[in-house]
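Chemist: Pasting the sequence and the predicted model now:
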Amino acid sequence: MRDSQGGSGSLAIAAGLIAGLLATAPAQAEERKGSWETGFLAGNTFYAKELAIGNQPEYGWRLGYNVRPAYQVEFQFRHTASSSLEKETSTLLKSPIVFFLNPNRKFTSESYIVRFIINPGNEKRRFKPYLGFGLGLLKFTPSPTLSSTEQGDVSARVITLAGGLRQRLTGHMAFRAEFEEEYAPLEVYHDEHVNAGLTWIWGGGKPADSDGDGVLDISDRCPDTPKGALVDKHDGCPWDLD
């Protein structure tokens with residue numbers, strides 16, 4: 001069982017405020033072949049009960065490359081704040097004796113994940129879901145340190161599965177919110193992560209404007225406007241001059 005700790009209530013309030021702002025925000029960015037995406041994330045880690053440590057806030061960053069508009073390869077780094085041991089049964093320890101010798105020991109965690117992101121296409125691509133699959137390494141650092149004879153499973157190879165949403169804000173910036181499950185198959189436990197953040201896109205050419213009317217395709221409700229026609233700068237549709 002996972003109990004929310006470490007400011008998850010504040011995270012929920014912040015997420016609600018951001019969601020309200022996004023409802024009225026203009027959206028214009030798009031993934032393009034050969035473009036790069038980087039950004040930061042902040043959220044909360046919900047640890048597996050086998051680890052016996054409290055849930056804590058997390059932060060990190062991402063760097064991705066769009067092989068195609070629908071496919072992205074991404075590296076993700078995530079750091080979770082220091083968390084106290086709660087039980088002597090923690091798999092991070094070699095034996096319960098280590099816990100009783102110092103029950104105030106704390107652990108931080110860091111993960112390094114390579115992910116494959118699938119971006120399902122839609123016509124405007126303003127607000128869209130995505131899926132992510134990843135492989136990587138999860139490491140725990142104790143304080144005070146543990147000797148090799150005291151350490152339990154303080155590192156693990158992990159498989160991740162994520163689902164998220166992107167909301168385009170400008171021609172090169174987007175908001176992302178995501179839920180990710182991190183599974184350690186050899187140690188047989190899984191952690192959960194909820195986070196949100198901003199990302200920026202660059203490279204791969206300028207955002208598309210197929211009819212050359214000055215309105216990007218993802219904002220253009222009339223993408224086949226004849227050349228030279230006077231259009232509304234907000235939706236790309238011709239003015240009705242009759």
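Modeler: Cool, the structure landed.
Chemist: Contacts only, for the residue sitting nearest the centre point of the chain.
Modeler: The structure's the chain has its C-alpha centroid closest to Glu178; by Cα atoms, centre = their mean the separation is 5.0 Å. The neighbourhood of Glu178, defined by Cβ atoms under 8 Å, 6 or more residues apart in numbering, consists of Leu41, Gly132, Ala162, Gly163, Gly164, Leu165, His193, Val194, Asn195, Ala196. Glycine gets a C-beta too; all of them are placed from N, C-alpha and C.
Chemist: Of these - the most surrounded one?
Modeler: Neighbour tally across the contacts of Glu178 (other Cβ atoms under 10 Å): the maximum, 24 neighbours, falls on Asn195.
Chemist: list the helices and strands the helix or strand where Gly132 lies packs on?
Modeler: Here Gly132, judged by DSSP states H and E, is contained in strand 127-143. On a contact count with 3 or more Cβ pairs under 8 Å, 6 or more residues apart in numbering; DSSP states H and E, strand 127-143 meets strand 71-84, strand 106-118, strand 155-170, strand 173-184.
Chemist: follow-up on the earlier one: in TSV, list the contacts of Glu178 along with distance to Ile97 and pLDDT.
Modeler: Listed next are the contacts of Glu178 as TSV, based on distance: Cβ to Cβ, whole Å; pLDDT from 0 to 100:
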residue	distance to Ile97	pLDDT
Leu41	38	97
Gly132	40	96
Ala162	38	96
Gly163	41	95
Gly164	42	95
Leu165	46	93
His193	32	97
Val194	35	97
Asn195	36	97
Ala196	41	97
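Chemist: So, low pLDDT: which residues of the protein?
Modeler: Across the chain, the ranges flagged by pLDDT under 70 are 1-31, 121-125, 204-221, 223-225, 228-230, 232-236, 240-242.
Chemist: bridging residues for the closest residue to Glu50 other than its chain neighbours?
Modeler: Spatial nearest neighbour of Glu50, excluding adjacent residues (Cβ to Cβ, 6 or more residues apart in numbering): Tyr189 at 4.3 Å. With beta bridges defined as DSSP bridges, Tyr189 has these partners: Ala184.
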